[in-house]
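Enquirer: predicted coordinates and the sequence they were generated for:
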Amino acid sequence: MSAPLSKELRTKYSVRSLPIRRDDEVRVCRGHYHDREGKVTTVYRKKWRIHIERVTRDKANGQTVPIGIHPSKVEITKIKLD
């Protein structure tokens, strides 16, 4: 489950995309939440979605839930390196 890199990271690492990890920082490029940036909180492999820090929605009972976003629709801006 990989996501494309930003232009700066693409030239730095000479690679187009990388597998997405939990603490990577990403920017949403498509959809209702485009241009939002945040840290990846969950990589939901079963549903092929990722959850991002400030991309949430309020339910009718007041509870906030994360919105699942497809990894191909985000751009990695900062990589978590061990």
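Expert: Received it, and whenever you're ready, just let me know what you need.
Enquirer: alpha carbons only for contacts and neighbour counts from here, please
Expert: Will do.
Enquirer: in the strand of greatest length in the chain, what counts as buried?
Expert: Scanning the chain for the longest strand, with DSSP state E as the assignment, gives strand 49-58. Neighbour counts using 16 or more other CA atoms under 10 Å place 49-53, 55 of strand 49-58 among the buried residues.
Enquirer: likewise for stretch 24-31?
Expert: Those would be 24-28, for stretch 24-31 by 16+ other CA under 10 Å.
Enquirer: so what touches stretch 8-22?
Expert: Judged by CA atoms under 8 Å, 6 or more residues apart in numbering, the contacts made with stretch 8-22 from elsewhere in the structure are 1-5, 39-43, 71, 76-78, 80.
Enquirer: and which of the buried residues of strand 49-58 is nearest Gly62?
Expert: Within the set of the buried residues of strand 49-58, Val55 lies nearest Gly62; the separation is 15.6 Å, counting by CA to CA.
Enquirer: next one: the helix or strand where Gly68 lies to chain centre, how far?
Expert: Assigning secondary structure by DSSP states H and E places Gly68 in strand 64-69. Taking the mean of its C-alpha atoms, strand 64-69 sits 11 Å from the chain's own mean (CA atoms, centre = their mean, to the nearest Å).
Enquirer: next, the angle strand 49-58 makes with it.
Expert: 140 degrees (axes from the mean of the first three to the mean of the last three CA atoms, to 10 degrees).
Enquirer: which residue comes closest to the residue most central in space within the chain once chain neighbours are left out?
Expert: Compute the mean C-alpha point of the chain, and by CA atoms, centre = their mean the closest residue is Val26, 4.6 Å away. Among residues not flanking Val26 along the chain, Ile76 sits closest, at 4.4 Å (CA to CA, 6 or more residues apart in numbering).
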